[in-house]
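Engineer: Take this sequence and fold it.
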Amino acid sequence: MKSAARTRLRRQRARRRGDLAELLCRVHLRLRLWRIVARDWRCPAGEIDIIARRGKVLAVIEVKARAIAADAASAVSPRQRRRIVRATSAFLLARPEFAGLAVRFDVMLVEKMRPPRHLPGVWRADE
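Structural biologist: Presented below is the predicted three-dimensional model:
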C-alpha cells in the first residue's frame, strides 16, 4: 500500500473515531439536560465541536478522544484555544440571541470503554 493511501486511511479512521466521540458527548450532555445549540460549527477563524446551553450558560466544548485521559486533557494547545475563542466570537456575531449568556470553555474527554468526562471552565477567553 502506498504511503498516501495509508495516510488517507489513517485520517478516515481518526475522523470516524472523532465523530463517534462527539456523538457520545452529545448524548451525555442531553442526558444532563443540556440543549445542543450547534455541532461542528465552522468559520474562517476556526471550528467548535459542540456548543450547548443550559440555563444562562453557553458551553463551548472541545472533544478529545484518546486512549488515556491525561493525554486528552493536555491535547488542547494554546493555539487551538485561541482559534476556538475566535470562532466563538464569530458564532456570537452570527447568532446574537446567545450574546447575553455566560460563555464557558469546556473540554470533554473520551476514553475507550468509559463514559465521556466533562471538564467545565478549563480555560477563559482572556488566557
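Engineer: how about low-confidence regions in this structure?
Structural biologist: For the chain, the stretches flagged by pLDDT under 70 are 1, 69-74, 127.
Engineer: what ranges do the strands span in it?
Structural biologist: 35-43, 46-54, 57-65, 102-110, 117-123 (DSSP state E).
Engineer: Buried deepest among the ones you listed, which one?
Structural biologist: Neighbour counts (mean count of other Cβ atoms under 10 Å) averaged over each of the strands of the chain peak at strand 57-65, with a mean of 22. Where C-beta positions appear, they are placed from N, C-alpha and C, glycine not excepted.
Engineer: which helices and strands sit right next to that one?
Structural biologist: In terms of contacts (3 or more Cβ pairs under 8 Å, 6 or more residues apart in numbering; DSSP states H and E), strand 57-65 is packed against helix 3-31, strand 46-54, helix 69-73, helix 78-94, strand 102-110.
Engineer: Residue 126 is nearest to which of these?
Structural biologist: Closest to residue 126 of the helices and strands packed on strand 57-65 is helix 78-94 (Cβ to Cβ; 8.7 Å).
Engineer: Tell me which residues touch the spatially most central residue of the chain, please.
Structural biologist: For the chain, the residue nearest the mean C-alpha position is residue 62 (2.1 Å; Cα atoms, centre = their mean). Taking Cβ atoms under 8 Å, 6 or more residues apart in numbering, we find residue 62 in contact with 48, 49, 76, 80, 84, 105, 106, 107, 108.
Engineer: ok, so what distance separates the fifth one from residue 26?
Structural biologist: With distances taken as Cβ to Cβ, to the nearest Å, residue 84 is found 17 Å from residue 26.
Engineer: in stretch 23-33, what counts as buried?
Structural biologist: The neighbour-count check on stretch 23-33 (16 or more other Cβ atoms under 10 Å) flags 24, 25, 26, 28, 29 as buried.
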